[in-house]
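**Q** here is my input, please return the structure:
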Amino acid sequence: MPTTVHDPDIITIRIPVSFRRRGGRKLVLAPDGSTIEPIPAATPTPDTMQAVMVKAFRWRRRIESGAAASITDLAEQEGISDTYVNRSWR
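**A** The predicted structure follows:
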């Protein structure tokens, strides 16, 4: 049996729902039996500037270490066009 706390700073809200599995999915059922569709969580997207900086530093490290002999070689290793690398490099 749940205990009752009489504290003016605490608000307790009880919502009678049940959880069911249908077709491998977990569903939330409202008291009237209707399904409550979950709100999809926002997927974090990487900051564009941060992604570009990471790529630039990685490319620079590969050129300076000799892992890639040139920008054309780097583009071939990355599977992208050398035009894209040149445009990003500036």
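**Q** so which elements touch the helix or strand hosting Val52?
**A** Under the criterion of DSSP states H and E, Val52 resides in helix 48-65. On a contact count with 3 or more CB pairs under 8 Å, 6 or more residues apart in numbering; DSSP states H and E, helix 48-65 meets helix 71-78, helix 82-89. Every C-beta, even on glycine, is put in place using the N, C-alpha and C of the backbone.
**Q** where does pLDDT dip in the chain?
**A** 1-5, 41, 43-45, 88-90 (pLDDT under 70).
**Q** could you redo the last one with a cut-off of 50?
**A** 1 (pLDDT under 50).
**Q** is Val85 in contact with Leu74, as I believe?
**A** Yes. Between Val85 and Leu74 there is a contact under CB atoms under 8 Å: 6.0 Å.
**Q** anything in contact with each of the two?
**A** Common contact partners of Val85 and Leu74 (CB atoms under 8 Å, 6 or more residues apart in numbering): Trp59.
**Q** comparing the helices and strands packed on helix 48-65, which comes out most buried?
**A** helix 71-78 (a mean of 16; mean count of other CB atoms under 10 Å).
**Q** that one to helix 48-65, inter-axis angle?
**A** 110 degrees (axes from the mean of the first three to the mean of the last three CA atoms, to 10 degrees).
**Q** next, the angle helix 82-89 makes with helix 71-78.
**A** 110 degrees.
**Q** use 23 as the first number from now on
**A** Got it, the first residue is 23 from now on, which makes the last one we talked about helix 93-100.
**Q** so which residues make contact with helix 93-100?
**A** Applying CB under 8 Å, 6+ apart, the set of residues contacting helix 93-100 is 81, 84-85, 89-90, 103-104, 106-108, 111.
**Q** do the same with stretch 32-42
**A** For stretch 32-42, using CB under 8 Å, 6+ apart, the contacting residues are 48-53, 58.
**Q** how much space separates Glu59 from Asp95?
**A** Counting by CB to CB, to the nearest Å, the gap from Glu59 to Asp95 is 50 Å.
**Q** one more: Gly101?
**A** From Gly101 to Asp95 the distance is 12 Å (CB to CB).
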